[in-house]
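In: 3D, please:
(one chain, ligands or ions: 1)
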Amino acid sequence: MTDITFSPTSAIFERREALLEEWTPDELVGRDEELERFHAALQPVINGESPSNIFLYGKSGVGKTAATRYLLQALERDAEPVPELDLHTIEINCDGLNSSYQVAVALVNELRDPADQISNTGYPQASVYQFLFDELDRVGGTVLIVLDEVDHIRDDSLLYKLPRARSNGDVTDAKLGVIGISNDLDFRNQLSSKVRSSLCEKEVSFSAYDARELQLVLQQREAVAFRDDVLDDGVVEMCAAYGAKDSGDARQALDLLLEAGDLARENNGELVTESHVRRARQRLQTDQVVEGIRNYSNHGQFVLYAVTLLAERGDTPARTKDILSAYERVAIEEGVDPVSERSVRDYLGELDQLGIISSTEYNRGKGGGKYKEHELEQSISSVKTGLSELLETTP
Ligand SMILES: Nc1ncnc2c1ncn2[C@@H]1O[C@H](COP(=O)(O)OP(=O)(O)OP(=O)(O)O)[C@@H](O)[C@H]1O
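Out: Below is the predicted model:
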């Protein structure tokens, strides 16, 4: 291998990390309405009253976690000089902690000394709850517990117990407030009414970002992340417009700006242009497609592989019956029983919906019947990258 060297390049970025997920801005822009309602719901805390339980919901990347951290930091700062207020906040992400039991253990451990932690098994549920209530009383004062991705908890016993702990007399010395956060818009409706009424005393819904709000978010990061005047006119507006059209997710809009900056840097450019944004978007979409295929069911992947084989031979667009025969050969080679024709049609429908293939229906007129033709919507190489794990095991 020839000598490879790395030398720092600094024409584009000033602080690239300001575009990464972990970076927390000092000020949260574009969320005025949400912040106002959330702020009002937290007001009892600073008044020394019992906190309300608050439920935040909205799609992914709309600033729920960021808003929570931002407001709780401000609340902690303003509570500090108030002598009669002793405020504690705890944040737990419930992703990966799938039961009330596991979340309760995580909360106990968060409140306890590192030397005094408990394990995830071996105690009856009631004992773990008792540990938790004891810890809360020991800490005392006002305790706000943030349960991010709360919809990952499969049973609702903790969600019933915790918000009512004080009124039920389980906790006497601490004033407790639960802040539940969820991306799953159905979660709230699926809760039993008794859980809903206590967990969701105050609700704050977070709307998807529109293009104007995304522009504010991006401009705030641009000022920190990029060198002066490196972004060409229209770059921020374009990222914001794509972001609003795709999903209204700030994370995706920030990723797009980062990828555009990376592309400009890879090309040794001195400016990030709209053309970089377009290419960055294509790259990110390809990444998403590859990821989508990777996580797709086995038979779905076999059907897609059949379409890919036909595409490689130049036989696409192909009719459903031809894909069906190709799929059956693939399944047999893989040593699995093929699924029914009906299921293959369903997979083709799903792949069309996902934008991985495109399907067109033809009608041959009277007596001729209808038929469909399918072809890949994505490049053969990105589809094969997505199918790579399957292809590795194909004899
Ligand atoms: N208004 C904003 N101003 C600045 N950055 C923001 C804003 N909203 C979101 N972000 C950034 O976008 C990313 C995603 O935001 P956040 O994690 O708060 O979303 P969320 O609604 O909690 O969704 P998820 O559950 O998917 O995390 C974070 O990096 C965050 O810093």
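
In: I'd like to know how far the residue of the stretch 151-300 of the chain found nearest the ligand sits from Gly292.
Out: Taking C-beta to the nearest ligand atom as the measure, the stretch 151-300 of the chain has Ala250 as its residue closest to the ligand, at 3.6 Å. Backbone N, C-alpha and C define where each C-beta goes, glycine included. With distances taken as C-beta to C-beta, to the nearest Å, Ala250 is found 21 Å from Gly292.

In: ok, now Arg154?
Out: 25 Å.

In: The two: who's more crowded?
Out: Neighbour totals were compared for Arg154 and Gly292, and Gly292 leads with 15 against 10 (other C-beta atoms under 10 Å).

In: In terms of pLDDT, where does that one sit?
Out: pLDDT for Gly292: 87.

In: my read: it touches Leu387, true?
Out: No - the criterion here is C-beta atoms under 8 Å, and Gly292 misses it with Leu387 at 11.4 Å.

In: How many neighbouring residues does the residue of the stretch 151-300 of the chain closest to the ligand have?
Out: Neighbours of Ala250 (other C-beta under 10 Å): 26.

In: Likewise for Glu291?
Out: Using other C-beta under 10 Å: Glu291 sits among 12 other residues.

In: ok so it is a helix residue?
Out: Yes - counting by DSSP: H, G, I helix; E, B strand; the rest coil, Glu291 is part of a helix.

In: Please report how far it lies from Leu354.
Out: 11 Å.

In: go on, Arg279?
Out: Distance from Arg279 to Leu354, by C-beta to C-beta: 22 Å.

In: What helix or strand is the residue minimising distance to the centre of the chain located in?
Out: Closest residue to the average C-alpha location of the chain: Ser60 at 4.8 Å, with C-alpha atoms, centre = their mean. For Ser60, there is no host helix or strand (DSSP states H and E).

In: What does it show for phi and psi?
Out: phi -60, psi 140 (degrees, to the nearest 10).

In: and the residue nearest to it when sequence neighbours are not counted, how many neighbours does it have?
Out: Spatial nearest neighbour of Ser60, chain neighbours left out: Asn183 (4.9 Å); criterion: C-beta to C-beta, 6 or more residues apart in numbering. By the criterion of other C-beta under 10 Å, Asn183 has 18 neighbours.

In: Could you report the separation of Asn183 from Glu201?
Out: 20 Å.

In: Give the buried residues for stretch 39-57.
Out: Within stretch 39-57, the residues scored as buried using 16 or more other C-beta atoms under 10 Å are Ala41, Leu42, Pro44, Val45, Pro51, Ser52, Asn53, Ile54, Phe55, Leu56, Tyr57.

In: Filter the residues you listed down to just the ones in strands.
Out: Ile54, Phe55, Leu56, Tyr57 (DSSP state E).

In: from what I can see the first one touches Phe38, true?
Out: So that's Ile54. Yes - the pair Ile54 / Phe38 is scored as a contact, 7.2 Å apart, by C-beta under 8 Å.

In: then the strand or helix carrying Leu35 to CSV, C-alphas only?
Out: Leu35 is part of helix 32-46, with elements assigned from DSSP H and E. Presented in CSV, the C-alpha positions along helix 32-46 are these (Å, rounded to 0.1, in the frame of the first residue of the first chain):
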residue,chain,number,x,y,z
ASP,A,32,-41.8,29.1,21.1
GLU,A,33,-45.3,27.7,21.5
GLU,A,34,-44.1,24.4,22.8
LEU,A,35,-41.7,26.0,25.3
GLU,A,36,-44.5,28.4,26.5
ARG,A,37,-46.8,25.5,27.3
PHE,A,38,-44.1,23.3,28.8
HIS,A,39,-42.9,26.3,30.9
ALA,A,40,-46.4,26.9,32.2
ALA,A,41,-46.7,23.2,33.1
LEU,A,42,-43.5,23.4,35.2
GLN,A,43,-44.5,26.6,37.0
PRO,A,44,-45.8,24.9,40.1
VAL,A,45,-42.3,23.6,40.8
ILE,A,46,-40.8,27.1,41.3
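
In: Are that helix and the ligand in contact anywhere?
Out: No - Helix 32-46 lies out of reach of the ligand by C-beta under 6 Å from any ligand atom, never closer than 8.9 Å.

In: And that helix, what does it pack against?
Out: Helix 32-46 is packed against strand 54-57, helix 64-79, strand 202-205, with contacts defined by 3 or more C-beta pairs under 8 Å, 6 or more residues apart in numbering; DSSP states H and E.

In: mind listing what the very next helix or strand once past the longest one pairs with, with the direction of each?
Out: Put plainly, it is helix 64-79. Using DSSP H and E, the helix or strand that directly follows helix 64-79 along the chain is strand 87-93. When pairing is defined by DSSP bridges, strand 87-93 lines up against strand 141-148 (parallel).

In: Helix 64-79 and the partner strand, what's the angle between them?
Out: 170 degrees (axes from the mean of the first three to the mean of the last three C-alpha atoms, to 10 degrees).

In: So that it lines up with my notes, have the first residue be 47 from now on.
Out: Fine by me, first position is 47 from now on; the one you just mentioned is strand 187-194.

In: Can you give the distance of strand 187-194 from its chain's centre?
Out: Distance of strand 187-194 from its chain centroid, counting by C-alpha atoms, centre = their mean, to the nearest Å, is 22 Å.

In: one step back: so what sits against both of Ile100 and Phe84?
Out: Val250 (C-beta atoms under 8 Å, 6 or more residues apart in numbering).
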